[in-house]
Each structure stands twice: as structure tokens, then as C-alpha cells.
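1. Sequence and computational prediction follow.
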Amino acid sequence: MCSNSSLLVGKFLCLSLLLFCKENDLFLDNHWKLSRTRESNFISPMTCGSCHSKQLNAWTNSAHANSFRSGIIWQLPKFSHSERENCYKCHLPNKMQIVEVNINLDNPKINIFRNSFLDHKDFSLSCSNCHLRNNIIYGPQPSENLKEELHGKAAPHKIKIQHEFDQSKFCANCHQNASDGKRVNNKLLMNVYEDWLESKAYKENKNCQNCHMPNRDHSFKGIHDSEFVKNGIQFQFIRFEKKIKFTLRNIHVGHKFPAYSVPRILIYVKKENRTFQLDEIGWIISLDLQNEIKDQRIQQGESFQKDYDIKEIKNLFQIKSNQLTNFAFEIWIAPRYHYGKIFSYILEKEKHITLFEKFHLQKSIDDEIKSRYLIHKTNFSF
């Protein structure tokens, strides 16, 4: 059994992110409800990829293809079947896979089965979750590119066209909490769709798909991709006599940046082999998801600015004020930062932890570190 403190933190990870569909539209409401109710609502993405190879190749390295991994898996033995459903809803919405996972989770003799899931793309958010219901394939109006790929031939299956596939509401099922969802300082943990409704992008009729699925691209790029972030955010360091001014501008991201409490922008100053962290920017909340520490997220068209005193920077490195020295100012994006903090805390504090939990907690922490990347660097001498 887990201690009360670590169990509380662990359960909040999934149960606090209860994602309920706010959509009043009958199609979307029924569409997502049917996702997990029938075993026939699944076709392996490899089968789809036999014709849709471009989409399969893009999806394979996407966050959707990696939706069911160690960060979710380690928690599941602590939950009842009904509690697990709140995680499965977006991370593994396939009845066939849910049944198999639950059988293995409930069998104490099977301990390592989950490792194979980490590399098995059937255990993820895949083609069927969006496109297949009751043996009917749904999708948007076929593009000219698809018509060209078919070379004038008839498609091997029928498709029921739904314009909702080109609307932001389609994504809200997993990227927007219901109004009665978990709040911190009266802010929903996931409020991306509502943030978008207040953005410049919404006023310009730009939806989620325009940015995250341009030309129907299925790589679903977001904060994990450096080039994607560079296209939406502007970073700048400017040297003044006694300070370095840092500016972060949200130019094109059609919602707050970062969107959730999970990612961070980390500011470092480096000199040779020594490094100091100057800042941690984002929506920073306590590990138990109860209290807000600070919220520095930036809505589209807005900026975040911070001054760093040159004298204080030199003091960090114990350098005399009149000694000319080269410094590097770096900006790193940490897409899974808050998860890493929570998992590290549990791994350190929990005394009664299973080998299974330890394995997946450590893998989640390692994956968080690997997900970080350098996005900007400026050198100064002062």
C-alpha cells in the first residue's frame, strides 16, 4: 500500500484531469461516447497505413501514438476499474485494449506485460478512436491530395463525411475540462478550447487543425516540437548597461502558452562548465495540484518580460564586477516538467512501492528529461 501523501499526489495526476465532453452537438457527444463501448470500434493503425502510409508515418512519432505509456501505466493498479476509465477515456479509448490491460493489471502473477505495451502502437490513441464507429468510417471532406493519391480510383471503403472533423470542438473532448472539472485558483486544469475562443486566432477563423494538423498532417505537433514552437513564440535577450532584459512573446499560438500546468520554459545562464537556472516560467502549481504558486502563461498577442541584474549574475559565479566574462543565456522547453517533479517526489518519498511502480516511475522521469530541448541561445560579454 502507498502512503497517504504519495497516493494522494498520484491519484490527482489522473483523477484530477477528468475530461468530460462539453459538446452539446449530438454527433460529437455520441461519437466520443461510442469510442469505448464496442470491440468492433477498432482497426489496427498498421491496417489503415497500408493505404494511408503518409498519415501512418506522421502519426507513429506523435504524442497520440504514445498516449499510453509509463506515466499512465504506473498509476493504474492503484485505481478501480471505474477510476481507470477516467484515464482510458483519452489515453487508451479502445475497448479491446482496455479489456486486455485490466485483465493483466488484476493478475498479480503477470508483472512485466506492460513493458511490451510501451512499443505496441495498438495501445494508444490511434486512427479508430477518431474515425471508426459501429463499423462506419467517419472523416472530413476528402482533400485534393487524397484524390491524387487514389489516382482516380474509387476508395476501398466508404466514408461518412462529418464537418466536425475540421472544427476545434472535435479536439475539446480531450483538451478541455468540463466546467465542473478540477480547478486550481478557480482555473480549470485544462482550458485550451475556452482560451482559444478568446484568442486572436479564433477571431481570424483559425482552428486547432489549422496549426496542429496543417494539410491534414497527422503528426499533431505541439510543444514537444522545437520548430513548431519557434513558429509561434518569439524569444529575445537584450543587453542594457546593468541588466539583461528577457522577452517572450506569443505571436501565433492561439491559446495561452504554455497551455497547461505541465510544461515549463526554463531560463539558464552558463559560463564554461557551470550553469545556474534563472527562471521557471509557466503555470506553476503545487505537486498535489491544490494551490497556485504563480501563473505566467501568455495569451496570444501578449508578452512576458523579466530583467536579470548583471551584478547578481556575476555574483552567482563569484566573478568580480570589473572582470570581463563571456556568458551564455539559454532557453529550454520542458514539455513534461511538472510530471517529472511529481514522479520524482513519489519515487523519493514512497517507502512501500512495488517493482512495477518503480520501473515505470523511473522510466517516466527519464522520458521527461529526454523531452527537454534547447530552443534559444544568446551570448554576452560583460
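-> Received it, and whenever you're ready, just let me know what you need.

2. Name the residues linked to the residue nearest to residue 307 when sequence neighbours are not counted by a beta bridge.
-> Leaving aside its chain neighbours, residue 307 sits nearest to residue 243 (4.7 Å; criterion: Cβ to Cβ, 6 or more residues apart in numbering). No exception for glycine: its C-beta is placed from N, CA and C like everyone else's. Beta-bridge pairing for residue 243 (DSSP bridges): residue 309.

3. for residue 243, what are its contacts?
-> 307, 308, 309, 310 (Cβ atoms under 8 Å, 6 or more residues apart in numbering).

4. what about residue 100, neighbour count?
-> Using other Cβ atoms under 10 Å, residue 100 has 15 neighbouring residues.

5. Is it in a helix, a strand, or coil?
-> Following DSSP: H, G, I helix; E, B strand; the rest coil, residue 100 is assigned to helix.

6. Flag every buried residue along whatever helix or strand residue 379 lives in.
-> Using DSSP states H and E, residue 379 sits in strand 373-381. For strand 373-381, the neighbour count (16 or more other Cβ atoms under 10 Å) marks 375, 376, 378, 380 as buried.

7. Over to stretch 50-68?
-> Going by neighbour count (16+ other Cβ under 10 Å), the buried part of stretch 50-68 is 52, 55-56, 58-60, 62-68.

8. and the gap between the closest residue to residue 296 other than its chain neighbours and residue 256?
-> Among residues not flanking residue 296 along the chain, residue 281 sits closest, at 5.0 Å (Cβ to Cβ, 6+ apart). Using Cβ to Cβ, to the nearest Å, residue 281 is found at 12 Å from residue 256.

9. go on, residue 370?
-> Taking Cβ to Cβ, one finds residue 370 at 25 Å from residue 256.

10. same deal with residue 341?
-> For residue 341, the distance to residue 256 - Cβ to Cβ - is 20 Å.

11. which of these two has more neighbours?
-> Per other Cβ under 10 Å, whichever of residue 341 and residue 256 has more neighbours is residue 256, with 23 against 17.

12. Flag the shaky bits of the stretch 201-350 of the chain, pLDDT-wise.
-> Residue ranges of the stretch 201-350 of the chain with pLDDT under 70: none are present.

13. tell me which strands and helices the helix or strand containing residue 84 is in contact with?
-> Using DSSP H and E, residue 84 sits in helix 81-91. Here helix 81-91 touches helix 4-15, helix 95-105, helix 169-175, going by 3 or more Cβ pairs under 8 Å, 6 or more residues apart in numbering; DSSP states H and E.

14. again, 10 Å this time
-> Contacts defined by 3 or more Cβ pairs under 10 Å, 6 or more residues apart in numbering; DSSP states H and E place helix 81-91 against helix 4-15, helix 70-73, helix 95-105, helix 169-175.

15. Buried ones in it, by neighbour count?
-> The neighbour-count check on helix 81-91 (16+ other Cβ under 10 Å) flags 83, 84, 85, 86, 87, 88, 89, 90, 91 as buried.

16. Would you agree residue 28 is in contact with residue 167?
-> Yes. Look at residue 28 against residue 167 with Cβ atoms under 10 Å: they come within range, at 8.7 Å.

17. follow-up on the earlier one: between the buried residues of helix 81-91, which is closest to residue 213?
-> residue 90 (17.2 Å; Cβ to Cβ).

18. ok, now how distant is the closest one from residue 180?
-> Here residue 90 is placed at a distance of 17 Å from residue 180 (Cβ to Cβ).

19. quick one: the strands in this structure?
-> 132-133, 136-139, 160-161, 183-184, 187-188, 233-239, 243-250, 264-271, 274-281, 283-285, 292-295, 303-309, 326-334, 373-381 (DSSP state E).

20. what does the second one contact?
-> So the one you mean is strand 136-139. 27, 31, 41, 43, 48, 127-128, 130-132, 146, 155, 157-162, 164-166, 216 (Cβ atoms under 10 Å, 6 or more residues apart in numbering).

21. now with 8 Å?
-> For strand 136-139, the surrounding residues in contact (Cβ under 8 Å, 6+ apart) are 31, 130, 131, 132, 157, 158, 159, 160, 161, 162, 165.

22. what sits opposite the fourth one in the beta ladder?
-> Which is residue 132. Assigned bridge partners for residue 132, using DSSP bridges, are residue 137.
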